[in-house]
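Trainee: This is the structure alone, sequence omitted:
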């Protein structure tokens, strides 16, 4: 059995150093909401910091749709394309970007999730394509990739997989669980499914249920993939053809939803890409924003599996705490939560708007649960949770410095 350890090397100040992704095979099948069981299941993960003798300083970090287990530090074997390929990534990271973890600014000594205090664990979610079992993994029944035979999964299935994984590491309780976007959904689901095992939740730019507009955009993205003839009903593995065209469109659609009108205007305006005037072409990009989106698409298809995109996108659209746990009532769904909860939202995020975080905060407050809700004024849209790290850090550090509900003298 793999143990909870990191391979660390000297790095820059505040860095966890050089980290190698590890893999663990779960001994038992994972029961899924769709009624099926999945076995075998492999989980890709990384750890940062030192596990305390009492094993009570663990923070589980959950990634968004296109992330992976490499959340912090420098990858020992960097991939060709980085998960830090979002808005302004090149401006922010320079040449180091391909090796850096997707949330490196938040995890490390003295950062939001302080590895001088906490043992931080990051996994690739169930259904992934970056080391954890997903549609591109081998189906033991056929010896070929699952493809469309992979079971439909939910966020709750991801949490059950994470719970089983942590059990293999001998970790029974989390000091906190944190994530942005889909990662925040996982954090909230954890607090409901395992209320006695979570001391604190940090849900950033997230929601209790994706709004109809978000469901619609995700549907368009999935359709773009599935209508690409190269998708081949999801059985494209080994055929020499992959649905890069549809996948590229899906990424462009998704990426625009992660931004704001102001962010696009500030960065690109209506500036032309290649000439002083228009060139009267319908096939080539004329504007800088068009060229940027094509670059995003080209980078994304090199590192991400189309079927994983479809399955993960479906899981996040199914997510609805009120429907799943409260008979339609969000307050009822949150009734059993025992964790302290920190919610951070961003003013320009129209995909996961601040109103959703406020609804969660209001429901928890009505139940007498300890909750904080902060809305940060920032112009970058949903991507703020990846870009506004410096402004989130003092909020998170203060929140994690407070005693948990499990400790004597805790308030709330």
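Mentor: Cool, got the structure. None of these values were measured; they are calculated from a predicted model. Numbers count the residues shown, from 1 in each chain.

Trainee: lowest-pLDDT helix or strand in the protein?
Mentor: Least confident helix or strand, the chain: helix 89-93 with a mean of 60, by mean pLDDT, DSSP states H and E.

Trainee: Give the partner strands of whatever helix or strand comes next after it in its sheet and their orientations.
Mentor: Toward the C-terminus, helix 89-93 is succeeded by strand 107-108 as the next helix or strand (DSSP states H and E). Partner strands for strand 107-108, per DSSP bridges, with pairing direction: strand 113-114 (parallel).

Trainee: now the strand it pairs with, how far from the centre of its chain.
Mentor: 18 Å (C-alpha atoms, centre = their mean, to the nearest Å).

Trainee: separation between residue 206 and residue 264?
Mentor: Using C-beta to C-beta, to the nearest Å, one gets 23 Å for the distance from residue 206 to residue 264. Any C-beta I mention is one placed from the backbone N, CA and C, and that applies to glycine too.

Trainee: so who does residue 237 touch?
Mentor: 136, 144-145, 147 (C-beta atoms under 8 Å, 6 or more residues apart in numbering).

Trainee: helix/strand/coil for it?
Mentor: At residue 237, secondary structure determined by DSSP: H, G, I helix; E, B strand; the rest coil is coil.

Trainee: how far away is it from residue 170?
Mentor: Applying C-beta to C-beta, the value for residue 237 to residue 170 is 36 Å.

Trainee: Residue 252 now?
Mentor: Using C-beta to C-beta, residue 252 is found at 43 Å from residue 170.

Trainee: Compare neighbour counts for residue 206 and residue 264 and give me the winner.
Mentor: A direct count of neighbours by other C-beta atoms under 10 Å for residue 206 and residue 264 places residue 206 higher, at 30 against 16.

Trainee: so what's the closest residue to that one other than its chain neighbours up against?
Mentor: The shortest distance from residue 206 to any non-neighbouring residue, by C-beta to C-beta, 6 or more residues apart in numbering, is to residue 184 (2.5 Å). Listed by C-beta under 8 Å, 6+ apart, the contact set of residue 184 reads 62, 202-207, 352.

Trainee: are any of the residues you listed buried, and which?
Mentor: 62, 202-207, 352 (16 or more other C-beta atoms under 10 Å).

Trainee: Same list, the contacts of residue 237, but as TSV with secondary structure and pLDDT please.
Mentor: Formatted as TSV, these follow (DSSP: H, G, I helix; E, B strand; the rest coil; pLDDT from 0 to 100):
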residue	secondary structure	pLDDT
136	coil	98
144	strand	98
145	strand	98
147	helix	98
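
Trainee: Can you report the mean pLDDT over the residues of the helix or strand hosting residue 315?
Mentor: Per DSSP H and E, residue 315 falls inside helix 306-318. On average, the pLDDT along helix 306-318 is 98.

Trainee: residues making contact with it?
Mentor: Here helix 306-318 has contacts from 65-66, 125, 127-129, 134-136, 147-148, 150, 152-155, 157-158, 182, 185, 210, 214-215, 218-219, 221-222, 225-226, 231, 234, 236, 242-243, 246-247, 250, using C-beta under 8 Å, 6+ apart.

Trainee: What about these, which are in helices?
Mentor: Using DSSP state H, the subset of these located in helices is 155, 157-158, 182, 185, 214-215, 218-219, 221-222, 225-226, 246-247, 250.

Trainee: Please report how far the closest residue to residue 251 other than its chain neighbours lies from residue 308.
Mentor: Once flanking residues are discounted, residue 251 sits nearest to residue 300: 4.2 Å by C-beta to C-beta, 6+ apart. Taking C-beta to C-beta as the measure, residue 300 falls 12 Å from residue 308.

Trainee: phi, psi of the closest residue to residue 161 other than its chain neighbours?
Mentor: Distances taken as C-beta to C-beta, 6+ apart place residue 126 nearest to residue 161, at 4.3 Å, with adjacent residues excluded. Dihedral pair for residue 126: phi -60, psi 140, per degrees, to the nearest 10.

Trainee: Low-confidence ranges, the chain, go.
Mentor: 1-13, 80-82, 85-97, 402-412 (pLDDT under 70).

Trainee: What's the separation between the residue nearest the centre of it and residue 165?
Mentor: Taking C-alpha atoms, centre = their mean, the centroid of the chain lies closest to residue 64, which sits 1.6 Å from it. Per C-beta to C-beta, residue 64 is found 19 Å from residue 165.

Trainee: now do residue 395
Mentor: Taking C-beta to C-beta, one finds residue 395 at 28 Å from residue 165.

Trainee: Compare those two (neighbour count), which wins?
Mentor: Counted by other C-beta under 10 Å, residue 395 and residue 165 do not tie: residue 165 has more neighbours, with 24 against 17.

Trainee: Given whichever strand or helix holds residue 120, what are its sheet partners and their directions?
Mentor: Using DSSP H and E, residue 120 sits within strand 119-123. With DSSP bridges as the test, strand 119-123 is paired with strand 42-48 (antiparallel), strand 58-62 (parallel).

Trainee: I'd like these as JSON lines, with distance to residue 28 appended.
Mentor: Output for these, formatted as JSON lines (distance: least, C-beta to C-beta, whole Å):
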{"stretch": "strand 42-48", "distance to residue 28": "13"}
{"stretch": "strand 58-62", "distance to residue 28": "20"}
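
Trainee: okay, those strands, which one's buried deepest?
Mentor: strand 58-62 (a mean of 27; mean count of other C-beta atoms under 10 Å).

Trainee: Any chance you could list what contacts that one?
Mentor: Contacts of strand 58-62 (C-beta under 8 Å, 6+ apart): 51, 71, 103, 107, 113, 118-123, 125, 158, 162, 166, 171, 173-179, 182-184, 186-187, 190.

Trainee: Could you identify the helix or strand that succeeds that strand?
Mentor: strand 74-75.

Trainee: helices and strands around that following strand, which ones?
Mentor: strand 18-19 (3 or more C-beta pairs under 8 Å, 6 or more residues apart in numbering; DSSP states H and E).
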